[in-house]
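K.L.:
coordinates only, sequence not included:
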């Protein structure tokens, strides 16, 4: 009897040990291979943006009779996001370039068009939200809290966030328990840019572990009222170029894939200082413009901007930042000081590339 009981207990113990040692099915990455337990795998990356010139001002007076000078203001909200195979956010970075070009009463340029332009993230404490914030948090701190809340959720779940209207300037403040003490900014633009990032998302190759956002902003082509070298009248215009990239990197810091785009936004004025650009107009990036951008008709290789940037993105894939920065370039003219001079790109990329390299480098430095 004792011997039978001993055999029975031994059998139960053995079965239990086998069950305890059976491994759980490991999560799969987008290539079908096993990913580290607990880690979501990047399957897609996307770049989204929302452009607004709604805060631009024309020459005139305010409701108190105070003089208002012309301002061309371009607010560019940018999102770089990585998603898993189920469409859930793995990594997300949000930023806004709030770029102003000021004019004098005589419509000459007031802003220094050579000065560097910082985004809200880059401004950090300089942005100055903390001193007026009820929760005493700066913009960059609040946006990090929002990004963390988004992780692990689908775009539909994020869009379904409960919000509340605080005032006319804050029409969609988060009304969810997790964010009440950390986010008091209005978030509709950030959600819209994330939705665009998902809609534009591209599949990435195996091995992406980090995603970064890079930006480069310039107002160098802005103009005040005057005449050109031929005596032709030049009307005032704020010209804001925002180049951006969402770039995925592997564990060795090599580019797995990158999406690069440029928002080239103009705010135009008449010689009387009145706005001639529709504040509610649609503003497309170079990629969104596609054939409308019009590079092909002046291109020696007969390729549109979006076709050329696609070739540059492919060339970057598999390379380190140092290898990309080390690209041999040549100066074609003053407007094209850094055209690729590498055999693989000579027949596919004839535009200047220094800003595109710069935003991928910044994406690498900020990747997470």
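P.N.:
Cool, the structure landed. Since we're looking at a predicted model, the values are computed, not measured. Numbering: from 1, shown residues only.

K.L.:
and residue 50, bridged to which residues?
P.N.:
residue 77 (DSSP bridges).

K.L.:
That one: neighbour count?
P.N.:
21 (other CB atoms under 10 Å). The C-beta positions use only the backbone N, C-alpha and C, and glycine is treated the same way.

K.L.:
Can we start the residue count at 44 from this point?
P.N.:
From this message on, residue numbering opens at 44, which makes the last subject residue 93.

K.L.:
how about the closest residue to residue 294 other than its chain neighbours, what does it touch?
P.N.:
Excluding its sequence neighbours, the residue lying closest to residue 294 (CB to CB, 6 or more residues apart in numbering) is residue 252, at 5.3 Å. When contacts are counted by CB atoms under 8 Å, 6 or more residues apart in numbering, residue 252 touches 85, 292-294.

K.L.:
got it, and residue 403?
P.N.:
Here residue 403 is in contact with 257, 288, 290, 298, 301, 303, 359, 364, 367 (criterion: CB under 8 Å, 6+ apart).

K.L.:
which residues of the stretch 294-411 of the chain fall in helices?
P.N.:
Along the stretch 294-411 of the chain, counting by DSSP state H, counting those that start in this stretch, helices occupy 329-332, 348-359, 364-368, 397-408.

K.L.:
wouldn't residue 299 be in contact with residue 291 here?
P.N.:
Yes. The pair residue 299 and residue 291 qualifies as a contact (CB atoms under 8 Å) at a distance of 4.4 Å.

K.L.:
Pick out whichever of those two has more residues nearby.
P.N.:
More neighbours surround residue 291 than the other of residue 299 and residue 291, with 28 against 21 (other CB under 10 Å).

K.L.:
Report the secondary structure state of that one.
P.N.:
When classified by DSSP: H, G, I helix; E, B strand; the rest coil, residue 291 comes out as strand.

K.L.:
hey, what's it bridged with?
P.N.:
Here residue 291, judged by DSSP bridges, has bridge partners residue 254, residue 300.

K.L.:
residue contacts, it?
P.N.:
Residue 291 sits in contact with 85, 88, 125, 247, 251, 253-254, 298-301, where contact means CB under 8 Å, 6+ apart.

K.L.:
Please work out how many residues are found near residue 395.
P.N.:
18.

K.L.:
Tally up the residues packed near the residue nearest to it when sequence neighbours are not counted, please.
P.N.:
Distances taken as CB to CB, 6+ apart place residue 379 nearest to residue 395, at 4.3 Å, with adjacent residues excluded. By other CB under 10 Å, the residues close to residue 379 number 15.

K.L.:
all strands of the stretch 44-193 of the chain, in order?
P.N.:
Taking DSSP state E, counting those that start in this stretch as the test, the strands found in the stretch 44-193 of the chain are 87-95, 103-104, 110-111, 114-126, 132-145.

K.L.:
looking at it, residue 237 is touching residue 90, isn't it?
P.N.:
No. In this structure, residue 237 is not within contact of residue 90 by CB under 8 Å, at 10.7 Å.
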